[in-house]
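S.K.: can you look at this prediction? I've put the sequence above it.
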There are 2 protein chains.
Amino acid sequence: MSFPSGNSNCNTSRFPDPVFHPVTLELPDTFTERLTATAACVETMLDSLLDELPLSGEVCRPGRLLAAMRHAALGGSKRLRPFLLIEVARLFDRDDEGVLRAGAALECVHCYSLVHDDLPAMDDDDIRRGRPTVHRAFDEATAVLAGDALLTFAFDILADPATDEDAELRAGLTLDLARASGLGGMAGGQMLDLLGSAVSSEEEDIRRLQSMKTGALIRFATRAGARMSGGNDGDITRLTRFGEIAGLAFQLADDLLDVVGDAEALGKATGKDAVLGKATLVELNGVEWTQKTLSDLVEEADALLDSYGERAAILRQTARFIAERHS
Amino acid sequence: MSFPSGNSNCNTSRFPDPVFHPVTLELPDTFTERLTATAACVETMLDSLLDELPLSGEVCRPGRLLAAMRHAALGGSKRLRPFLLIEVARLFDRDDEGVLRAGAALECVHCYSLVHDDLPAMDDDDIRRGRPTVHRAFDEATAVLAGDALLTFAFDILADPATDEDAELRAGLTLDLARASGLGGMAGGQMLDLLGSAVSSEEEDIRRLQSMKTGALIRFATRAGARMSGGNDGDITRLTRFGEIAGLAFQLADDLLDVVGDAEALGKATGKDAVLGKATLVELNGVEWTQKTLSDLVEEADALLDSYGERAAILRQTARFIAERHS
């Protein structure tokens, strides 16, 4: 393996100081502007967290590893998972740096999973978000480490008192995120996905795979938002279910796009699932059933949010956005 | 990629129920017996934690991923990191399942790092502890996921109320472990190690690399033991330093063995560092300096533990064991 030489190892130069968007002020009312504004806040928070440390004798943040982590985590598009977390917290009037930090932690887990999924041993992808994947831009060893370090960093961020002064909450969020991401969550779902339909194409098995691989993190998002903003038990149950619905809709819409989507608008090839022999609910139950189910899910989301009245308008639109997205 | 077919995906068969060694009873007095008995307790705890879940509609622990994690985490030898954690806690009379869980969490991080370090893109090792490495016994994708899931599982274990009822402590341990393992800790140290002496062979840089790559987890071990067992601030500072000393001694002894060790007793090739062009303090300062430094470290450890009298006998022997080990 060869690396560029030079002393970029633990250098002392710092990235420019990030400017925080005042998340609590002048929040746009329309869904699209709000999504964009929130994504910008998440980006700024990630940029600020993934900064170099002042050089000390004891430790450093190695320049190459930090650069690979920044390549993986910055320049994201919609930041849908943090958006859900932040919007649920806004429902209960919490909108501060702590919530933004939790959103950034969640995004670190999402981004780490993309880095590892893109590896040659997994999906072997060269391009992600229009840029070279981490193992292409750097190398495979650095990509493995960057994924590892992003995953670890998520727990660093969550467990830090800067996220919330209540340790019970921090430990609870840590436990929830670990469960959502690990053996019985996202990593387990990715394993099932790699094993593929050789093992099963039963509806129950597809649902379990999807609930673990993509559902668990989305469910974490809404649940964490409710827990962080002091929602009562009823709120937490309701918004956890809202996250489950959003996760289901997200996956169905994704599978549907693979069948009927416009490859150009999507920026990626369609029909991939069929080629890979991946069992999906769309394939199993048809396009019409899928469209009907998506509209039922949006209705269920509306009903769930009923008790929050107008305050939940953005969350209602989010459910619709997820179910009806075209790219 | 090909996987064995069949329904071993989310099967319902369970591993046999583990039997817990009564850690609080009949603790052997001699160092070697104590090390062996504690390793057996850690093994049993890991075996019990890495168990299958009762099958539910929602989630499962995929059989292949669980098997790869068990391959990586079980059958370990000395379990030195958990031993340090547990022995420090015993110094303050805590010796219960919570401490054992924290030790198991730490061991999960150590084992994940071995799985990823062994990958073809990193050190490309086929054998570990006399058995095929995880990517050899399974495949590369499964090894990446097993490492990811072990790392995630460590935080699951630590943040769980079963580890300690005090959430402040659980969140604190989580934060400490994340810092010790991530960008500014073990993962960062591995990055520096991969970059190698192309970048620097200055003593300060070698020390920083080693303090991050191997030192950070050992320092976590003793610090966590002191925090978990109610040591006061002075105790925590003292035992954190004890961990630093143990980490330094561990690495120096390792480097020394690579130069003067008996390949047969070690069960691995010696002289690897020189071949790989890895800068070590032994290479920089010579064998005599290293032996003198090791004996100074043991002396410092003894002095640090002075105030604990006879109760710290096992910890004193541990420092000596680490500094003087021949394999």
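M.R.: On my side now, so go ahead.

S.K.: flag the shaky bits of chain A, pLDDT-wise.
M.R.: For chain A, the stretches with pLDDT under 70 are A:1-25, A:54-57, A:197-199, A:262-269, A:327.

S.K.: please repeat the previous calculation with a cut-off of 90.
M.R.: Scanning chain A for pLDDT under 90 picks out the ranges A:1-29, A:52-60, A:76-77, A:196-202, A:258-279, A:325-327.

S.K.: tell me the helices and strands packed up against whatever helix or strand residue A:296 lives in.
M.R.: When secondary structure is defined by DSSP states H and E, residue A:296 falls within helix A:281-304. Judged by 3 or more CB pairs under 8 Å, 6 or more residues apart in numbering or on different chains; DSSP states H and E, helix A:281-304 is in contact with helix A:203-210, helix A:233-260, helix A:313-324. The way it works is simple: take the backbone N, C-alpha and C, and place the C-beta from them, glycine included.

S.K.: let's go with 10 Å and repeat that
M.R.: helix A:203-210, helix A:233-260, helix A:272-276, helix A:313-324 (3 or more CB pairs under 10 Å, 6 or more residues apart in numbering or on different chains; DSSP states H and E).

S.K.: out of those helices, nearest to chain B?
M.R.: Distances from chain B to each of the helices and strands packed on helix A:281-304 were compared by CB to the nearest CB, and the smallest falls on helix A:203-210, at 6.4 Å.

S.K.: what residues sit buried inside that closest one?
M.R.: Residues A:205, A:206, A:207, A:208, A:209, A:210 are the ones in helix A:203-210 that count as buried (16 or more other CB atoms under 10 Å in any protein chain shown).

S.K.: was I right to think the first one contacts residue A:279?
M.R.: Just to be clear, that refers to residue A:205. Yes - proximity of residue A:205 to residue A:279 meets the contact threshold set by CB atoms under 10 Å, at 8.0 Å.

S.K.: out of the helices and strands packed on helix A:281-304, nearest to residue B:144?
M.R.: Among the helices and strands packed on helix A:281-304, helix A:203-210 comes nearest to residue B:144, with 18.2 Å by CB to CB.

S.K.: other SSEs contacting whichever helix or strand residue A:194 is part of?
M.R.: According to DSSP H and E, residue A:194 maps onto helix A:186-195. Helix A:186-195 sits against helix A:97-117, helix A:167-181, helix A:203-210, helix A:216-228, helix B:63-73, helix B:140-159, with contacts defined as 3+ CB pairs under 10 Å, 6+ apart.

S.K.: any residue of the following helix or strand past the first one touching chain B?
M.R.: If I follow you right, that is helix A:97-117. In the C-terminal direction, the helix or strand that comes right after helix A:97-117 (DSSP H and E) is strand A:127-128. No - contact of strand A:127-128 with chain B (CB under 10 Å from any CB of the partner chain) is absent, the minimum separation being 16.5 Å.

S.K.: give me the residues contacting strand A:127-128.
M.R.: Residues outside strand A:127-128 that contact it (CB atoms under 10 Å, 6 or more residues apart in numbering or on different chains): A:71-72, A:75, A:111, A:114-115, A:117-118, A:133-134, A:136-137, A:267-268.
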